[in-house]
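What would the 3D arrangement of this be:
(2 chains)
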2 protein chains.
Amino acid sequence: MARVFNFSAGPSILPESVLKKAASEMLDYQNSGQSVMEMSHRSKVFESIIKSCESLLREVMNIPDNYKVLFLQGGASSQFAMIPLNLMNGSGKADFVITGQWANKAYQEASRYGQANVVASSKDKTFSYIPELDKSKFTPDADYFHICLNNTIYGTRFAELPDTGDVPLVADISSCILSEPIDVSKFGLLYAGAQKNMAPAGLTVVIIREDLIGKARYITPTMLNYKTHSENDSMYNTPPCYQIYICKLVLEWIRDEIGGLEKMKELNEKKAKILYDYLDSSKLFRGTAEKKYRSLMNVPFVTGSEELDAEFVKEAAARGFVNLKGHRSVGGMRASIYNAMPIEGVEKLVEFMKEFEAKHA
Amino acid sequence: MARVFNFSAGPSILPESVLKKAASEMLDYQNSGQSVMEMSHRSKVFESIIKSCESLLREVMNIPDNYKVLFLQGGASSQFAMIPLNLMNGSGKADFVITGQWANKAYQEASRYGQANVVASSKDKTFSYIPELDKSKFTPDADYFHICLNNTIYGTRFAELPDTGDVPLVADISSCILSEPIDVSKFGLLYAGAQKNMAPAGLTVVIIREDLIGKARYITPTMLNYKTHSENDSMYNTPPCYQIYICKLVLEWIRDEIGGLEKMKELNEKKAKILYDYLDSSKLFRGTAEKKYRSLMNVPFVTGSEELDAEFVKEAAARGFVNLKGHRSVGGMRASIYNAMPIEGVEKLVEFMKEFEAKHA
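Predicted coordinates:
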């Protein structure tokens, strides 16, 4: 079988050139006589990999010097606890915008450690939009203000960032990191599970302003303290070495093959436009997210008939368009078109959708 | 350059047949058209991988049905907190045997959450032995009793298990899991970072008796609660999929190519004997661990001269025997001869040691 077009929401498609390089280096990384999987994390050869990965990420994302980059484990789900344990230590309050299931989990976990306030929610319409924010509802002395910048399940994203003043803005960027430039200096902390745009599952990247480190509560496990990892350059214990290696290859691909995040954004906008334009013109399919808040990465859509949705997903898979089934909380379909999805994949998907529409008109 | 003989203490050597298989399946796992790195963890194809991995582990280790197998992240270092947070919830006491740096870290982290008692320590002789245990020092109502079964840095292992009666015995088996049969029923909880005998770094395996699940304290982060992972078959959030896949391949190698853990033990004993016999006969080198407690997996040794040690490590590396430098707390050399180290690697190392000895006699 040939390679499929994989529209999975994550773990998800990786650049083919990266996979080919990883396969070719599997038994012998750059004449070391070892696989990256086998290397001591304290060896010079691995040290150069993790350092390259960090400096590439800093270069590609233009991360200011007063931010630390941490390579952790445990996924965004671990950050939901790690953030309040480390940051909710001043007023003990934090603000949350509930734009989906993940934002809600971040809120619920924080509620166990302090006073978590819901500033706004879009639950009333199955999270199909980003709610307007009323600044008078912000907690002035909050320890942080949390958003989920791109909502994987519902296909929405913040069109503009909330102005939180001196309150550190904290954002889950798991499903949009590296998809376009982002002004890191507007945030106190950014975090992302790597399994969408960066690497295989098992790596979590945290970008944190230095002054936010070192305030963890006493109950914080050593491994959940940002200070532990910051002081040890993410090598307090053995990091997920192979993911860090793949992340480095992906960053090289973005910088050298794509040409950086501005170019990446252009490509992603082009891909998204092909799909959204078709959805807007189709008489069978329609996108479920409000236009203003449409994600560049995750495109949920429905036919209006559950049976037809199921038929579409099944036929699409048979034609090599896989993982198009929507999240169970939304139903229908979802095409995740992350960085590594080639434009050809989106074009061919739309061709197939047109064909399907013609048959069911 | 050809493949080297990698004596790293972890991450460490993997079976060459496993690496070859992983390379060959990198772009297309079993006609799925995807890399395992790219698969949705909720897909049928990945589900079959994680289920196979678990059932293989149960089969190879002969794990009783009343034990859960959890595939987690964060390394043994995360278990140091996870164990007291989940288990230290009865009397709030636990007993520890301090046989090295890792055992000590487990003790220190537990001290933050309850009354951690040191039953015995071998710190007086740089952890070169396992201390005798005086049962009168055991805490009768302890919530658990913690040991590190094999001490990676110092090359020692428990020759027999402590009899802790009704107190659950908890053991870090990171550097000896799968090296020989183990009677799981004697333990309440076993845990291991996978990066020695199982898989690349980034996977932690926990084997826990069911009745010990569900007692976590309120402050326990959701992701550090065994119940979370047990109830969701290690799929509460995205697991480290690629490591689980490699672990499955390693388990297939143990079962099908080696012939199971009894055979694995025979092989490991044979390899260790070659090295220890030479150390015992050498006039230049000597092993640093007490004979009775010698590890099958980690063999530390010295020449008695720091300069000669450094020269040996350097010359060995040039000849393709890499990562032989001992841990900084012990000095000298350490040869980790995990499952995947072929007997040929140990034989050739000893040949080289003899050559080096002849030159420096």
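
Give the residue spans of the stretch 201-350 of chain A that score low on pLDDT.
By pLDDT under 70, the stretch 201-350 of chain A contains no weakly predicted segment.

That one: strands as residue ranges?
A:204-209, A:286-287, A:298-302, A:321-322, A:333-336 (DSSP state E, counting those that start in this stretch).

Can you name every helix or strand that the helix ranked longest in chain A contacts?
The single longest helix within chain A, with elements called by DSSP state H, is helix A:261-281. Secondary-structure packing of helix A:261-281 (3 or more CB pairs under 8 Å, 6 or more residues apart in numbering or on different chains; DSSP states H and E): strand A:286-287, strand A:298-302, helix A:343-359. All C-beta atoms are positioned from the backbone trio N, CA, C, and that covers glycine.

could you dump the ones you listed to a markdown table with mean neighbour count and distance to A:Val69?
Formatted as a markdown table, these follow (neighbours: other CB atoms under 10 Å in any protein chain shown; distance: least, CB to CB, whole Å):
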| stretch | mean neighbour count | distance to A:Val69 |
| --- | --- | --- |
| strand A:286-287 | 16 | 35 |
| strand A:298-302 | 26 | 25 |
| helix A:343-359 | 16 | 30 |
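
Switch these over to CSV; also include distance to B:Gly155.
Listed next are the helices and strands packed on helix A:261-281 as CSV, based on distance: least, CB to CB, whole Å:
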stretch, distance to B:Gly155
strand A:286-287, 61
strand A:298-302, 51
helix A:343-359, 52
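
Give me the neighbour count for the nearest residue to A:Glu59 once chain neighbours are set aside.
Nearest residue to A:Glu59, sequence neighbours excluded (CB to CB, 6 or more residues apart in numbering or on different chains): A:Arg255, at 6.9 Å. A total of 16 residues lie near A:Arg255 under the criterion other CB atoms under 10 Å in any protein chain shown.

again, but for A:Leu224
25.

which residues does the nearest residue to it once chain neighbours are set aside contact?
Spatially, and ignoring its direct neighbours in sequence, A:Leu224 is nearest to A:Met82 (4.8 Å; CB to CB, 6+ apart). Contact analysis of A:Met82 by CB atoms under 8 Å, 6 or more residues apart in numbering or on different chains lists A:74, A:224, A:226, B:221.

and the first one, how far is that from chain B?
Right, the one you point to is A:Gly74. Using CB to the nearest CB, to the nearest Å, A:Gly74 is found at 5 Å from chain B.

I'd say that residue and B:Gln73 touch.
Yes - using CB atoms under 8 Å, A:Gly74 makes contact with B:Gln73 at a distance of 5.0 Å.

circling back: need the helices and strands packed on helix A:261-281 in JSON lines (columns: distance to chain B).
Below are those laid out as JSON lines (distance: least, CB to the nearest CB, whole Å):
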{"stretch": "strand A:286-287", "distance to chain B": "21"}
{"stretch": "strand A:298-302", "distance to chain B": "13"}
{"stretch": "helix A:343-359", "distance to chain B": "12"}
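
Which pair of the contacts of A:Met82 spans the longest distance?
A:Tyr226 and B:Pro221 (14.1 Å; CB to CB).

Format the contacts of A:Met82 as CSV; extra columns: distance to A:Gly90.
Shown next, in CSV, are the contacts of A:Met82 (distance: CB to CB, whole Å):
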residue, distance to A:Gly90
A:Gly74, 24
A:Leu224, 18
A:Tyr226, 15
B:Pro221, 20
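
any idea which of those is closest to A:Met198?
For the contacts of A:Met82, the nearest to A:Met198 is A:Gly74 (15.2 Å; CB to CB).

Give me the neighbour count for the closest residue to chain B within the stretch 51-200 of chain A.
Nearest to chain B in the stretch 51-200 of chain A, going by CB to the nearest CB, is A:Ala81, at a distance of 3.3 Å. Using other CB under 10 Å, A:Ala81 has 24 neighbouring residues.

With adjacent residues omitted, what lies nearest to it?
Per CB to CB, 6+ apart, closest to A:Ala81 is B:Pro221, 3.3 Å.
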